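Participant: Provide a 3D model corresponding to the input given below.
(chains A and B)
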Amino acid sequence: EDQVTQSPEALRLQEGESSSLNCSYTVSGLRGLFWYRQDPGKGPEFLFTLYSAGEEKEKERLKATLTKKESFLHITAPKPEDSATYLCAVRRHMDSNYQLIWGAGTKLIIKP
Amino acid sequence: DGGITQSPKYLFRKEGQNVTLSCEQNLNHDAMYWYRQDPGQGLRLIYYSQIVNDFQKGDIAEGYSVSREKKESFPLTVTSAQKNPTAFYLCASSIGTSGKNSQYFGAGTRLSVL
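Facilitator: Reported below is the predicted structural model:
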């Protein structure tokens, strides 16, 4: 069964304390892995798309990496405004199916 | 500014009542989607549409209905057949439905049962 699992469920860090969020997946064929940020009561905001193992993308304090089985979202020297839930989703290789499989998210809390 | 507008932000449904959630986009995107978000779970696809006057069921379509009469609009009706409608509903759109197109989301509608 195709599945996306994010860990940890929640992560509390001090401001400036770097860490990583994990997104592991089991799909028959990967056609893109997506990272989103979601603030409370709002819709997800697109961050990155990764397509192949070894690919990396960066944006400010965030860096996303991809292997054949998982993706990491590295957060360097985070600030309180980085607090949010980070969602991961994968798209399978299916010609007529455009669905994403979503993880449940990691809630990140950055304490000042 | 281009974007996706969902309304209302909060909605309350009485038992036996149908309610309609609005989703409008001015991004000129062909594809539109409706998701349901429940605490501790990943987003689940309700319906999606690749083109005007065409739509397909997602994983949890039972108790919901949609229409796509205009490219810009994709309203979702939560019918009385949906016995557990309390959730956060998200509308999204993308340029197309190929694997390289990212989905962009509205701000959501929170539906509660009175």
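
Participant: which bits of chain A sit near chain B?
Facilitator: Contacts of chain A with chain B, taken as Cβ under 8 Å from any Cβ of the partner chain, map to A:4, A:9, A:31-32, A:34, A:36, A:41-46, A:49, A:51, A:87, A:89, A:91, A:93, A:98-105. (Each C-beta comes from the backbone N, C-alpha and C, glycine too.)

Participant: now with 7 Å?
Facilitator: Residues of chain A lying close to chain B by Cβ under 7 Å from any Cβ of the partner chain are A:4, A:31-32, A:34, A:42-44, A:46, A:49, A:91, A:98-99, A:102-104.

Participant: of those - the most surrounded one?
Facilitator: residue A:44 (28 neighbours; other Cβ atoms under 10 Å in any protein chain shown).

Participant: correct me, but that residue touches residue A:84?
Facilitator: No: contact criterion Cβ atoms under 7 Å: residue A:44 and residue A:84 do not qualify, at 9.7 Å.

Participant: pull up the overlap in contacts between the two.
Facilitator: A:37, A:38 (Cβ atoms under 7 Å, 6 or more residues apart in numbering or on different chains).

Participant: just give me the least confident of the residues of chain A next to chain B.
Facilitator: Across the residues of chain A next to chain B, the bottom pLDDT score, 64, is held by residue A:98.

Participant: strands of chain A, start to end?
Facilitator: With DSSP state E applied, chain A shows strands at A:3-7, A:10-14, A:19-26, A:30-38, A:45-50, A:56-59, A:62-66, A:70-75, A:84-92, A:100-102, A:106-111, listed in chain order.

Participant: same deal with chain B?
Facilitator: In chain B, the strands defined using DSSP E lie at B:4-7, B:10-13, B:19-25, B:31-37, B:44-51, B:54-57, B:64-66, B:76-78, B:87-94, B:104-105, B:109-113.

Participant: among these, which is nearest chain A?
Facilitator: Shortest distance between chain A and the strands of chain B, using Cβ to the nearest Cβ, is found for strand B:104-105: 3.5 Å.

Participant: spatially central residue in chain B, please.
Facilitator: Closest to where the C-alpha atoms of chain B average out (Cα atoms, centre = their mean) is residue B:34, at 2.8 Å.

Participant: please tell me how far that residue sits from residue B:87.
Facilitator: Distance, residue B:34 to residue B:87, using Cβ to Cβ, to the nearest Å: 11 Å.

Participant: now residue B:15
Facilitator: Taking Cβ to Cβ, one finds residue B:15 at 16 Å from residue B:87.

Participant: neighbour-wise, which of those two wins?
Facilitator: Neighbour totals were compared for residue B:15 and residue B:87, and residue B:87 leads with 21 against 8 (other Cβ under 10 Å).

Participant: so what's the more buried one up against?
Facilitator: B:36, B:37, B:38, B:111.

Participant: just the pLDDT for the nearest residue to residue A:34 once chain neighbours are set aside.
Facilitator: Closest residue to residue A:34 in three dimensions, ignoring its sequence neighbours and counting by Cβ to Cβ, 6 or more residues apart in numbering or on different chains: residue A:89, at 4.6 Å. Looking at residue A:89, its pLDDT is 94.
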